[in-house]
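J.: Any chance you could fold what I've pasted below:
(2 chains)
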Amino acid sequence: GENVEQHPSTLSVQEGDSAVIKCTYSDSASNYFPWYKQELGKGPQLIIDIRSNVGEKKDQRIAVTLNKTAKHFSLHITETQPEDSAVYFCAASTTDSWGKLQFGAGTQVVVTP
Amino acid sequence: EAQVTQNPRYLITVTGKKLTVTCSQNMNHEYMSWYRQDPGLGLRQIYYSMNVEVTDKGDVPEGYKVSRKEKRNFPLILESPSPNQTSLYFCASLVRGGSYNEQFFGPGTRLTVL
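T.: Residues are numbered from 1 along each chain as shown, chains lettered A, B, ... in the order given. Sure, this is the predicted structure:
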């Protein structure tokens, strides 16, 4: 089955700098890649997703890139702010937003003022 | 207000005592799912449902049951809980939108099995 690896497990950045989280997946049939943000004591929140028919997607300060050949995708956060501090999870699915979702282990992002 | 609700939020029980965690969404979403979250392991999918009367196993279905008799509800049943099912559980619902899929997670249920 699908295996998703996520790096790094922790990431500390200065406010205003960029943060990058990388995930690799094993199943070449995976075609949907969402990213979630989980704040302390809350459930995960979908922040951005990408399907395999595009290579990049942006939404304000966040962007996701996908390299299907290398089977990896990344989350980029620019101009980080303290409210970006959270745990971020990547995930992959072979059924284009439906069905089984395989999650990475998560990245704890800490933005220091 | 669009939301996913779970009950109870906290539960301490003993091994073997059947329990049900309820999940309800008011957004008319077709897709619902259950996850468990454990330190260092991230989120693991237990079961999911793509519509009424349609359920499928996720990655860790052993020891759990679900049902989807109506669109809004997706209860998680532990027939005979064991200590290794101590975890934080999340229910979620999803519908495909324009540029983004709308996905909502419930607030979580922290279960302790003694």
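J.: Can you pull up the residues of chain B that come close to chain A?
T.: Residues of chain B found near chain A (C-beta under 8 Å from any C-beta of the partner chain) are B:4, B:31, B:33, B:35, B:40-45, B:48, B:50, B:56, B:58-59, B:90, B:92, B:94, B:96, B:100-103, B:105-108. The C-beta positions use only the backbone N, C-alpha and C, and glycine is treated the same way.
J.: In helices, which of those fall?
T.: In helices, judged by DSSP state H, none of these are found.
J.: The residue in chain A positioned nearest to chain B - how many residues pack around it?
T.: Chain A approaches chain B most closely through residue A:43 (3.2 Å), counting by C-beta to the nearest C-beta. Residues near residue A:43, counting by other C-beta atoms under 10 Å in any protein chain shown, number 21.
J.: Given the helix-or-strand element of chain B with minimal mean pLDDT, what are its sheet partners and their directions?
T.: Least confident element among the helices and strands of chain B, by mean pLDDT, DSSP states H and E: strand B:101-105 (a mean of 79). Here strand B:101-105 is paired, per DSSP bridges, with strand B:87-96 (antiparallel).
J.: Buried ones in the strand it pairs with, by neighbour count?
T.: Neighbour-count burial for strand B:87-96, counted by 16 or more other C-beta atoms under 10 Å in any protein chain shown, picks out B:87, B:89-94.
J.: Next one: the residue of chain A closest to chain B, what pLDDT does it get?
T.: Model confidence at residue A:43, given as pLDDT, is 90.
J.: Is it correct that it is in contact with residue B:105?
T.: Yes. The criterion here is C-beta atoms under 8 Å, and residue A:43 meets it with residue B:105 at 3.2 Å.
J.: which residues do the two both contact?
T.: Listed contacts common to residue A:43 and residue B:105 are B:4, B:90, B:92; contacts here mean C-beta atoms under 8 Å, 6 or more residues apart in numbering or on different chains.
J.: For chain A, state which of the residues you listed is nearest.
T.: Proximity to chain A was ranked across the shared contacts of residue A:43 and residue B:105 by C-beta to the nearest C-beta; first place goes to residue B:90, at 5.2 Å.
J.: Make sure that closest one is actually in contact with residue A:43.
T.: Yes. The criterion here is C-beta under 8 Å, and residue B:90 meets it with residue A:43 at 5.2 Å.
J.: Do you know the pLDDT at residue B:1?
T.: So, for residue B:1, pLDDT stands at 82.
J.: which residues sit in contact with it?
T.: By C-beta under 8 Å, 6+ apart, the contact set of residue B:1 is empty.
J.: How about the secondary structure of it?
T.: coil (DSSP: H, G, I helix; E, B strand; the rest coil).
J.: Next one: it from chain A, what distance?
T.: 15 Å (C-beta to the nearest C-beta, to the nearest Å).
J.: what about chain B, any weak spots by pLDDT?
T.: B:96-101 (pLDDT under 70).
J.: which residues does residue A:89 bridge with?
T.: Residues in beta-bridge contact with residue A:89 (DSSP bridges): residue A:36.
J.: I'd say it and residue A:45 touch.
T.: No. Counting by C-beta under 8 Å, residue A:89 stays clear of residue A:45, with 10.2 Å between them.
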